[in-house]
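Engineer: Dropping the sequence and predicted coords here.
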Amino acid sequence: MERILIVEDEHKISRIIELQLKHAGYETDTAFDGSEAIVKVSLNKYALILMDVMMPKTDGITACNAIKKINPEAKIIMLTAKDDIQDVINGLDSGADDYVTKPFVFDELLARIRANIRKKSEPSTSSDLLSFEDVLINSVTFEVTRSGKLIELSKTEFDLLRHLMINKGIVLTREQILNKVWGYDYYGSLNIVDVYIKYLRDKIDRDYERKLIQTIRGRGYVVR
């Protein structure tokens, strides 16, 4: 049975989520601040972590960063009362895999949980090393280089670049990118794709004359 860590400082909300998850067939564990969550992740194995953003002592963003250093493969869904795009981006940049805005419909949360656990269990069908011209991606060490220079990417930026390079020469629509990188159960705006394409261009293309990430107006994006 898959085990989920609920990190939520409001005990009533935590208890409701716990009961719903147990009813859906999951085992659960709870933490009431980010520091406690970090300790529990270092001692236990979880299929997924539900992480509230606003918490005392250690907030969810800080905890997410720390947990990803302990276990880069950990699946984290951020729970936030804010729907501002910048708050969402901050969560995703911290290494989170998805987010749900409070108040949420529990069926939606379950769908996100299932989608993220499913992605975690899917075997990789592509090579650990991907290259295109002077860009090299190592899917084992999560390192990206261009012309031999190491480029620091967030998890979402890495996943997006990897998907574009796996499909090099193929124009991908925003919907296709969103479904593959963020998951079929993602309910957010398509604009998140444009935001992350800009992030990638700033890191991959900005300092180079040859621009690899191209926009095909009215269609989508392509690496070629």
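Structural biologist: Noted; the coordinates are in hand.

Engineer: now the strands: where do they sit in this structure?
Structural biologist: Remark: strands assigned in the chain by DSSP state E are 3-7, 27-31, 48-52, 76-80, 98-101, 129-132, 135-138, 143-146, 149-151, 213-216, 220-223.

Engineer: strands paired with the shortest one, and their directions?
Structural biologist: Okay, so that is strand 149-151. Take DSSP bridges as the rule and strand 149-151 pairs in its sheet with strand 143-146 (antiparallel).

Engineer: So for the strand it pairs with, mean pLDDT?
Structural biologist: For strand 143-146, mean pLDDT rounds to 92.

Engineer: Residues in contact with stretch 209-217: which ones?
Structural biologist: Applying CB atoms under 8 Å, 6 or more residues apart in numbering, the external contacts of stretch 209-217 come out as 132-133, 135, 164, 171, 197, 200-201, 204-205, 221-224. To be clear about C-beta, it is placed using only N, CA and C from the backbone, and glycine gets the same treatment.

Engineer: and it, which residues are buried?
Structural biologist: 212-213 (16 or more other CB atoms under 10 Å).

Engineer: Pull up the gap between the residue nearest the centre of the chain and K40, please.
Structural biologist: Using CA atoms, centre = their mean, the residue of the chain that lies closest to the mean C-alpha position is D97, 2.2 Å off. Computed as CB to CB, to the nearest Å, the D97 to K40 distance reads 18 Å.

Engineer: And for E73?
Structural biologist: For E73, the distance to K40 - CB to CB - is 16 Å.

Engineer: Cross-check the contact I'm expecting between the residue nearest to the centre of the chain and K155.
Structural biologist: Yes: assessed by CB atoms under 8 Å, D97 is found in contact with K155 at 7.5 Å.

Engineer: out of the contacts of stretch 209-217, which one sits closest to A63?
Structural biologist: Nearest to A63, judged by CB to CB, of the contacts of stretch 209-217 is L200 at 25.9 Å.

Engineer: circling back: neighbour count winner among E73 and K40?
Structural biologist: K40 (17 against 6; other CB atoms under 10 Å).

Engineer: For the closest residue to the more buried one other than its chain neighbours, which residues are in contact?
Structural biologist: Among residues not flanking K40 along the chain, A31 sits closest, at 5.4 Å (CB to CB, 6 or more residues apart in numbering). By CB under 8 Å, 6+ apart, the contact set of A31 is 5-7, 37, 39-40.

Engineer: low pLDDT regions in the chain?
Structural biologist: Scanning the chain for pLDDT under 70 picks out 82-88, 120-127, 184-188.

Engineer: Mind doing that once more with 50?
Structural biologist: The chain contains residues with pLDDT under 50 at 123-126.

Engineer: centre of the chain versus the lengthiest helix in the chain, how much separation?
Structural biologist: Counting by DSSP state H, the longest helix found in the chain is helix 106-121. Distance of helix 106-121 from the chain centroid (CA atoms, centre = their mean, to the nearest Å) equals 12 Å.

Engineer: Just the CA atoms of it, as PDB, please.
Structural biologist: C-alpha atoms of helix 106-121 as PDB (Å, rounded to 0.1, in the frame of the first residue of the first chain):
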ATOM      1  CA  PHE A 106     -10.900  16.200  -3.000                       C
ATOM      2  CA  ASP A 107     -11.500  14.200  -6.200                       C
ATOM      3  CA  GLU A 108      -9.100  16.600  -8.000                       C
ATOM      4  CA  LEU A 109      -6.500  16.200  -5.300                       C
ATOM      5  CA  LEU A 110      -6.800  12.400  -5.700                       C
ATOM      6  CA  ALA A 111      -6.400  12.700  -9.500                       C
ATOM      7  CA  ARG A 112      -3.200  14.700  -9.000                       C
ATOM      8  CA  ILE A 113      -1.900  12.200  -6.500                       C
ATOM      9  CA  ARG A 114      -2.500   9.200  -8.800                       C
ATOM     10  CA  ALA A 115      -1.000  11.000 -11.800                       C
ATOM     11  CA  ASN A 116       2.200  11.900  -9.900                       C
ATOM     12  CA  ILE A 117       2.600   8.500  -8.400                       C
ATOM     13  CA  ARG A 118       2.100   7.000 -11.800                       C
ATOM     14  CA  LYS A 119       4.800   9.200 -13.300                       C
ATOM     15  CA  LYS A 120       7.200   8.100 -10.600                       C
ATOM     16  CA  SER A 121       6.600   4.400 -11.300                       C
END
